[in-house]
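From the sequence below, what's the structure:
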Amino acid sequence: MNTPQTQRWAPHVTVATVVSRAGQLLLVEEDKEGRRVLNQPAGHLEPGESLLEAAVRETREETGWDVRLTGFIGTYQWSAPDGSPFLRFAFAAEPVNHHPQQPLDEGIVQALWLSPTALQADMARLRSPLVWQTVSDWLAGQRFPLSMVRQVQ
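Predicted coordinates for the structure are as follows:
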């Protein structure tokens, strides 16, 4: 008997960091489909990499900043307008060292520091609703120990 194939749900797994310094947040301005948008340092999990390693790597690649993760903000499930599913793991971090000469990832125009108020005033430019939701949760003090995110070998 033939049975219809069931398509397995396979979301894009991404990480993001909310990096704060002196009341400002580290963001990236990037070109996305002909628009300049704002996002946290964020990107896809790579094979063999832990979520924590991915968050630190993506932040460095997109901003030139080394960071120290200080907490886990949360997990966010979202479907993009084209139907692409995402699972985003967001982390709180503090800046450690800047490498201003490091080239930034393709598509990144610049890294910049903005206050949460300035970011909220520019909501039309957010890459996705995940950006403000993550900041909102961070502003509300939502932090969990990093030990909540485990990689089992």
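
got a list of contacts for stretch 140-153?
50-52, 69-74, 89, 91-92 (C-beta atoms under 8 Å, 6 or more residues apart in numbering). Using the backbone N, CA and C atoms, a C-beta is placed for each residue, glycine as well.

Let me see the contact set for Q133.
Contacts for Q133 (C-beta under 8 Å, 6+ apart) come out as Y76.

That one sits in which helix or strand?
Assigned by DSSP states H and E, Q133 falls within helix 129-139.

Give me the buried positions along that helix.
Going by neighbour count (16 or more other C-beta atoms under 10 Å), the buried part of helix 129-139 is 130-135, 137-138.

Likewise for stretch 21-41?
With burial defined by 16+ other C-beta under 10 Å, the residues of stretch 21-41 counted as buried are 25-30, 37-41.

and the residues you listed as TSV, adding distance to V56 and pLDDT?
Below are the buried residues of stretch 21-41 laid out as TSV (distance: C-beta to C-beta, whole Å; pLDDT from 0 to 100):
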residue	distance to V56	pLDDT
L25	17	98
L26	13	98
L27	17	98
V28	15	98
E29	21	97
E30	19	96
V37	23	97
L38	21	98
N39	17	97
Q40	13	97
P41	10	98
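
Flag the shaky bits of this protein, pLDDT-wise.
The chain contains residues with pLDDT under 70 at 1-5.

how about the strands in it?
Along the chain, counting by DSSP state E, strands occupy 12-21, 24-32, 35-39, 42-44, 65-79, 85-98, 108-114.

from the chain's centre, how far out does the last one sit?
Offset of strand 108-114 from its chain centre (C-alpha atoms, centre = their mean, to the nearest Å): 14 Å.

What strands line up against it, and which way round?
strand 24-32 (antiparallel) (DSSP bridges).

Much appreciated, bye for now.
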